[in-house]
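# quick one, what's the 3D model for this:
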Amino acid sequence: MTAPLLLTALEDGIATLTLNRPEKLNALSYGLVDTLLTALDGMEGEPSVRAIILTGAGDRAFSAGGDIPEFARSVRQGTLVAVRDFVRRGQALTSRIEAYPKPIIVAVNGLAYGGGCEITEAAPLAVASELARFAKPEIKLAMPPTFGGTQRLPRLAGRKRALDLLLTGDSFGADRALDLGLVNRVVPHDQLMPAARDLALRIIRHAPGAVAAILAAVTRGVNLPIAEGLAVESAAFGALVPGHDLGEGLDAWMARRAAVYTGA
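Okay, here's the model as predicted:
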């Protein structure tokens with residue numbers, strides 16, 4: 001039997017999705033990207049899923065990037081096929097992760113090269129093992145990153161620091177990733193998944209609508225002029241006013257009791 005491309009588990013409202021091609025360093029084959037997108041689609045409307053942790057199988061890699069032999073076959077068929085099969089698919093994945101209405105935490109357990117690094121850039125939160133390594137090696141293939149890496153890394157790290165990495169293809173460690181704003185924290189390797197779960201649990205104790213509103217307002221507003229961003233923030237708040245949870249949060253705070261959120 002063929003092993004599943006993606007492993008899924010759900011506990012305490014946290015879904016763990018594991019890229020499961022360890023023999024290929026969890027390279028992002030077309031099938032794996034499609035399977036991950038389908039899983040995210042299914043979990044978006046599932047109330048039992050409050051947060052998602054995305055990691056890689058094995059101890060060597062989160063993901064070493066695109067499946068190069070598969071990508072090369074698309075390139076040999078010309079621009080239209082290569083853009084359709086590889087670029088659009090990869091950008092659809094990173095855009096989906098970036099705009100997802102539930103928190104996605106990437107747990108970087110090893111190599112995060114190419115597309116694996118771009119997933120980390122797109123995710124709202126990331127925790128890295130002290131053994132993790134990152135790279136933007138696409139230039140070594142005579143191409144730029146195509147899953148959003150030329151756009152998101154400069155926004156995270158600044159133009160000059162991003163170009164240093166994009167134009168050299170040099171790898172860098174977890175501490176540099178932390179300094180660049182690519183990950184939230186670095187932890188001992190054996191504490192990676194507990195640290196990711198702890199972060200998820202500290203988020204999902206809050207009202208789901210508020211979590212989604214913050215994710216949406218930040219994602220949409222971060223690249224807008226401040227006036228437009230403030231309008232996004234106002235709209236995110238306004239959408240919560242008629243619901244149950246905002247009133248419950250206010251009542252609980254004033255009564256000095258624990259709030260009971262319904263997700264409404």
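# run through who's touching stretch 46-57.
If you take C-beta atoms under 8 Å, 6 or more residues apart in numbering as the criterion, stretch 46-57 is touched by 7, 10, 13-22, 26, 40, 43, 62-63, 97, 100, 102-110, 116, 119, 123, 192-193, 196-197, 200, 203-204, 208, 263. C-beta: built from backbone N, CA, C; applies to glycine.
# what do you get if the cut-off is 6 Å, keeping everything else the same?
13-20, 22, 26, 43, 62-63, 102-107, 109, 196, 200, 203-204 (C-beta atoms under 6 Å, 6 or more residues apart in numbering).
# could you do stretch 106-125 as well?
By C-beta under 6 Å, 6+ apart, the list of residues contacting stretch 106-125 from outside reads 28, 53-56, 60-66, 90, 94, 97-98, 104-105, 126-129, 132-135, 137-138, 147-149, 152-153, 184, 192, 196.
# repeat for stretch 22-30
Where contact means C-beta under 6 Å, 6+ apart, the residues beyond stretch 22-30 that reach it are 19, 21, 56-58, 61, 63-64, 66-67, 70, 115.
# pLDDT for those - can I get that in CSV?
Output for the contacts of stretch 22-30, formatted as CSV (pLDDT from 0 to 100):
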residue, pLDDT
19, 98
21, 98
56, 98
57, 98
58, 96
61, 98
63, 98
64, 97
66, 96
67, 96
70, 96
115, 98
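# now, those that are in helices?
Helix and strand membership here follows DSSP state H; of these, those in helices are 70, 115.
# please produce a PyMOL select command covering the buried subset of the contacts of stretch 22-30.
Only the buried members of those enter the following PyMOL selection, criterion being 16 or more other C-beta atoms under 10 Å:
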select buried, resi 19+21+56+57+58+61+63+64+66+67+115
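# can you pick out the most distant pair from the contacts of stretch 22-30?
Taking C-beta to C-beta as the measure, those reach their widest spread between 58 and 70, a distance of 20.0 Å.
# re the thing from before, could I get the contacts of stretch 22-30 as JSON lines with distance to residue 48?
Formatted as JSON lines, the entries for those read as follows, by distance: C-beta to C-beta, whole Å:
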{"residue": "19", "distance to residue 48": "22"}
{"residue": "21", "distance to residue 48": "27"}
{"residue": "56", "distance to residue 48": "24"}
{"residue": "57", "distance to residue 48": "24"}
{"residue": "58", "distance to residue 48": "28"}
{"residue": "61", "distance to residue 48": "29"}
{"residue": "63", "distance to residue 48": "26"}
{"residue": "64", "distance to residue 48": "32"}
{"residue": "66", "distance to residue 48": "32"}
{"residue": "67", "distance to residue 48": "32"}
{"residue": "70", "distance to residue 48": "34"}
{"residue": "115", "distance to residue 48": "29"}
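# in strands, which of the contacts of stretch 22-30 appear?
Counting by DSSP state E, the part of those found in strands is 19, 56, 61, 63.
# a helix runs through residue 53, doesn't it?
No: secondary structure of residue 53, determined by DSSP: H, G, I helix; E, B strand; the rest coil: strand, with no helix assignment.
# what pairs with the nearest residue to residue 197 once chain neighbours are set aside across the strands?
Distances taken as C-beta to C-beta, 6 or more residues apart in numbering put residue 14 closest to residue 197, at 6.2 Å, once the chain neighbours are dropped. According to DSSP bridges, residue 11, residue 51 are recorded as the beta-bridge partners of residue 14.
# can you get me a residue count around residue 14?
Under the neighbour criterion other C-beta atoms under 10 Å, residue 14 is assigned a count of 21.
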